[in-house]
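Novice: no sequence on hand, only this structure:
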DNA sequence: CCCGGGCCTTGATCTGCGTCAAAATGCGAC
DNA sequence: GTCGCATTTTGACGCAGATCAAGGCCCGGG
């Protein structure tokens, strides 16, 4: 298991050219991630322990049950986290995007598998060396706790979705989640779905057919419009939010 | 909303008699909870900020959306956490038992409601004062991170359950969860269900009828036996584990 | 002891989504 | 461009679990 990871192409460009120049300082997503908790003058300590890594679509970062010796931060692309039952039924527990944190766990083993959805770039930190840094920078640890707390809230939203929402509500909720993520970096009403329908189904606890039918209904009702099968435009965000069960008035939009 | 909490009966006995005597030191669940991270000689600092609280069955501790100004630790009884949709559909995201932590969130507002299932005793800590303690005791903060990380793993298990398991598998998984909790404090093959069938259904994403039918099937198949409607005996833990989809070989049993 | 009102269980029927099947669409290779 | 495969969409049908509807049981109060 899990040696697909072996061929970890260390990015020659970033490492060679930029690394001596303090790449963390130039990082686009730093402020959004836990690295933002470290003062610029100390970023060198992060650089010292980071290894950059590249994944091709479908490549596996680690398997559920592998020993967890590393933490990661996504800098580009989309990663899916999943758990499986013995007979192959799969549940995707989350999709990760740039600035997202992966491997949070002072636990012995990963509780889920992580695979690249599309081409992914990420920063890898050895667990023990990062923990040493946490001792030096309490602000970083506090930030980690905040991240965990946000993920927990997201997980609870997902439980509500999986336990009690209809197929159409689930798909609408999914689009809302993606939309909100995209808003964080500019794009407004347009959403791209780098993952397959199978992935979406496994995330929402539905089959691909039901996902497809729900998307078709949203299309028929002029709530969304498809440019390609992976790129869509949210035509009527209000109605989409209603369908999603927008109980979100007082919910802060991710207070990192 | 949320003023049911007003009648917070401060426990006269524990406060008056034991408090001057350092009740935290005598606490039965301390080692299991985050308080265990504080050295005995510093427990006084915890005692200084704690308020003991008692809830009657059904009493609401706080509502989803309330400002979160407190953290709690359960010392006795069972608490349910839930989220609701506008039309009343409810999802219970977890049941808490003695030593469990509640209100983890450096977030502004609670993401869920918390209600007593049966008579509950808990310790309440003002958020800002506990945060001050965290600064003094990094071990406590680390412990908090570990708790969060465990809860996250549990949440992901629950997503797998809600998204991909059948009714029978869900009920079996639920009993396994309870059984494991009970084992932590002695009781072996006997499990009590302080919550109603409605609660169980809302936890498992099922209706009460389906929960009842599934339990009846487990009973018919001699996997469990009922003493009363709330007290059962696990006759065949192996088969129960199989039904639950026991992919748990390498899963640690809650590494606090 | 009996009564009343929650719960819980069981049965009959319905339905949203899964399953099976096939057609349409997109897209990279040549 | 067009061929071929993978993915998505659409349609027909079936089933697990929801809904509707009776009872049965337990327990507390009079």
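Specialist: Happy to help now that I have it. The structure presented is a predicted model; accordingly, all values stated were derived computationally and were not measured.
Novice: how long is stretch A:223-233 end to end?
Specialist: End-to-end distance for stretch A:223-233, by Cα to Cα, to the nearest Å: 9 Å.
Novice: mean confidence score for that stretch?
Specialist: What stretch A:223-233 shows for mean pLDDT is 88.
Novice: in that stretch, what's buried?
Specialist: A:223-224, A:232 (16 or more other Cβ atoms under 10 Å in any protein chain shown). For the C-beta atoms, the positions are set from N, CA and C on the backbone; glycine is no exception.
Novice: contact partners of it?
Specialist: A:172, A:175, A:189-194, A:215, A:218-219, A:234-236, A:239-240, A:243 (Cβ atoms under 8 Å, 6 or more residues apart in numbering or on different chains).
Novice: buried ones only from these, please, as a ChimeraX command.
Specialist: Here is the ChimeraX selection string for the buried members of the contacts of stretch A:223-233, based on 16+ other Cβ under 10 Å:
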select /A:172,175,191,193,194,215,218,234,236,239,240,243
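Novice: just to revisit the earlier point, Throw the buried residues of stretch A:223-233 into a markdown table and include secondary structure and distance to DNA strand D, thanks.
Specialist: Compiled in a markdown table, these are given as follows (DSSP: H, G, I helix; E, B strand; the rest coil; distance: Cβ to the nearest atom of the strand, whole Å):
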| residue | secondary structure | distance to DNA strand D |
| --- | --- | --- |
| A:223 | coil | 14 |
| A:224 | strand | 10 |
| A:232 | strand | 9 |
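Novice: what is the nearest of these to chain B?
Specialist: Among these, residue A:223 lies closest to chain B (Cβ to the nearest Cβ), at 18.5 Å.
Novice: how close does the closest one sit to residue B:58?
Specialist: 40 Å (Cβ to Cβ, to the nearest Å).
Novice: tell me which stretches of the stretch 101-250 of chain A form helices.
Specialist: A:127-136, A:138-164, A:167-183, A:197-204, A:208-220, A:237-244 (DSSP state H, counting those that start in this stretch).
Novice: how about the residues of the stretch 51-200 of chain A that lie near DNA strand C?
Specialist: Neighbours of DNA strand C within the stretch 51-200 of chain A, by Cβ under 7 Å from any atom of the strand: A:166-168.
Novice: drop anything exposed from those.
Specialist: Looks like these have A:167-168 buried, using 16+ other Cβ under 10 Å.
Novice: need the residue closest to the centroid of chain A.
Specialist: Nearest residue to the geometric centre of chain A (Cα atoms, centre = their mean): residue A:96, 0.8 Å.
Novice: mind checking pLDDT for the closest residue to that residue other than its chain neighbours?
Specialist: Using Cβ to Cβ, 6 or more residues apart in numbering or on different chains and skipping residues adjacent in sequence, the residue nearest residue A:96 is residue A:79, 4.3 Å away. Residue A:79 carries a pLDDT value of 96.
Novice: who are the contact partners of the closest residue to residue A:148 other than its chain neighbours?
Specialist: Spatially, and ignoring its direct neighbours in sequence, residue A:148 is nearest to residue B:148 (3.9 Å; Cβ to Cβ, 6+ apart). The neighbourhood of residue B:148, defined by Cβ under 8 Å, 6+ apart, consists of A:145, A:148-149, A:152, B:104.
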